[in-house]
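Chemist: The sequence and its predicted three-dimensional model are supplied below.
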Amino acid sequence: MQRKPDKPVRVFVTGIGIISALGDGVEQNRESLINSRPGIRKAIHFTSRYTAFLPFGEIEAGNEDLKETLNLTQIPGYTRTCLLAVKAFEEAIADSKVTPDELSSFDTALISASTVGGMCLTDQLYEDANSKSEGSEYLDAYGPGAHTLKLAERYHINGFTDTINTACSSSANAIMLGARLIKSGRATRAVVGGVDALAKFTVNGFNALKILSENPCKPFDENRDGLNLGEAAAYLILESEEVVGDKKVYAEILGYGNSNDAHHPSAMSEEATGAIRSMSEAIRTAGIRPDQIDYVNAHGTGTPNNDSVELFGMTKVFDRVPPFSSTKSYTGHTLGAAGAVEAVFSILSIINSEIYPTLHVETHMANSTDFPVTRYQENMDVNFVLSNSFGFGGNCTSLVIGKVC
C-alpha cells in the first residue's frame, strides 16, 4: 500500500557510480574533467567502417577485461551494455553502502535507461534474427530492458523496476521517476541511471542524419559541425531523508521538468518550446528562482540545431544566462546514459565547487552575447545546477540538483 507522506519528502543522492571514456569510476572521471582531458579518440574495440575516420568516446576496457573484473567470465548472455551497467551499478551501491537486504526490499526501486540496449551486438542480432545462426547466448539480451533484468536478477531486486527509452533524455527521466516515486511514498530508495554502448545500429543511424563530426565536437562554437558518439554507464542512489541516517550525502534532487515540443522526429523547434518548458518546470518544482541557478550543464551536442535552440531557450528562461558548458566535449554523446552521466558531473561540480569547461571552442556563436565556460573554474559557489537532456522527438528533460545544507 502506498504511504502518504505527512510532509514534503526530500530526495538525497547517497551514492554515485560511472564508467565512461574519461575513465573507470568517479575519481578517474573527475580527474579528466579538471585537467580538460577528453576521452574522444580513435576507437579500438568498436568495429565499423566509420572508425577509420570518425572519433568516438569509447571506454578503454574491452569486454573480456570487464567480464574478468566483474567475475562474469563464466556467465553467458552479458552484452557490452550489460557489462557497463554492472560496472557503474556496483560502484554506486558500494559508495552508498546499500546492503543486500536493502536492495532486495520492496521499498527499493530500480529505474534504468538505454536506447540501443543489447543491439550493440548489431551483427550478432542480424545473424540470430535471420536464422543464420544456431541461436547465440544473447537471444534474450537484445531489448533495451535486458540490462535492467540482469541487474534485478544479479542483485535480487524485488521492488518497482522499469526501463526508460526516451532517446537522449532517457536516464534523466529515470532520475526524475525515481525521485517522484520517493516523494510520493511509493519507495524509500531508488537506483537510477542508464547505459549505452557503441553500436553499428546507432552509428549508422546518426550517420544517415548527417550529424556526426569527423573531428572532436565543439559545442556552442560558431563552426560546430556535429556530434561524436560515446558510450557510458552511470547510476545514482536516491534515498528518502527518512532512511539516509548518518550516510554521506552528495546532493539533493530538487526539481525536474519534462516536456515535448512535438516538432520533428530528430530536431528541436526553433522556438525552443520544449526546452523552455522543461527548464522552467524544473526550476519551479525546485522552489527556487531562475537567478539562483549557478551553473547549467547543457545538453550541448555540437549540432547546429541543438546548440542554437538550447542557448535561445536559456535566454528566455533567464534574465541573465548563468555559466554553462557542455561536458559532451569530453565524453561524446552517450545517448541513453547522458542524463545520468551529466547528473554525476553536476554533483561533482557542486561538492567540489568547480565548473568544467566546454572544450574546442574557437569562435563564439554569432548573434549571441552568451558564451560557454571554456576554462576550468575552481573555488566557485555552486549551490544549484540545472542539467539539461534533450532527446529526439523533442523529449526534453531538465533536472535541478542542489547542495545539501
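Modeler: Ah, there it is.
Chemist: residue boundaries of the helices in the stretch 251-400 of the chain?
Modeler: 273-286, 304-317, 328-331, 338-352 (DSSP state H, counting those that start in this stretch).
Chemist: Please identify the most buried of those helices.
Modeler: Per-stretch averages of neighbours, counted by mean count of other C-beta atoms under 10 Å, single out helix 328-331 among the helices of the stretch 251-400 of the chain, with a mean of 29. Backbone N, C-alpha and C define where each C-beta goes, glycine included.
Chemist: what comes into contact with that helix?
Modeler: 20-22, 32-33, 37-40, 57, 216-219, 227-228, 230, 232, 299-302, 334, 338, 341, 356, 358-360 (C-beta atoms under 8 Å, 6 or more residues apart in numbering).
Chemist: just the buried members of these?
Modeler: 20-22, 32-33, 38-40, 57, 216-219, 227-228, 230, 232, 299-302, 334, 338, 341, 356, 358-360 (16 or more other C-beta atoms under 10 Å).
Chemist: what's the next secondary structure element after the longest helix anywhere in the chain?
Modeler: Ranked by residue count and defined by DSSP state H, the top helix of the chain is helix 80-96. Sequence order places helix 100-104 as the next helix or strand after helix 80-96, per DSSP states H and E.
Chemist: quick one: the strands in the chain?
Modeler: With DSSP state E as the criterion, the chain has strands at 11-20, 23-24, 108-113, 161-164, 189-196, 232-240, 251-260, 295-297, 324-325, 354-355, 377-378, 384-391, 395-402.
Chemist: any weak-confidence spans in the stretch 201-350 of the chain?
Modeler: Scanning the stretch 201-350 of the chain for pLDDT under 70 picks out nothing.
Chemist: what residues are up against the spatially closest residue to Ala366 that is not a sequence neighbour?
Modeler: Once flanking residues are discounted, Ala366 sits nearest to Glu222: 5.5 Å by C-beta to C-beta, 6 or more residues apart in numbering. Contact analysis of Glu222 by C-beta under 8 Å, 6+ apart lists Thr363, His364, Met365, Ala366.
Chemist: among these, who's most crowded?
Modeler: Met365 (19 neighbours; other C-beta atoms under 10 Å).
Chemist: Show me the helices in the stretch 1-150 of the chain, by range?
Modeler: Counting by DSSP H, counting those that start in this stretch, the helices of the stretch 1-150 of the chain are 26-34, 63-69, 80-96, 100-104, 122-129, 146-154.
Chemist: Minimum distance to Tyr295: which of the helices of the stretch 251-400 of the chain has it?
Modeler: Proximity to Tyr295 (C-beta to C-beta) singles out helix 338-352 among the helices of the stretch 251-400 of the chain, at 5.9 Å.
Chemist: tally of neighbours for the closest residue to Gly393 other than its chain neighbours?
Modeler: Among residues not flanking Gly393 along the chain, Pro265 sits closest, at 5.8 Å (C-beta to C-beta, 6+ apart). Pro265 has 9 neighbours, counted by other C-beta under 10 Å.
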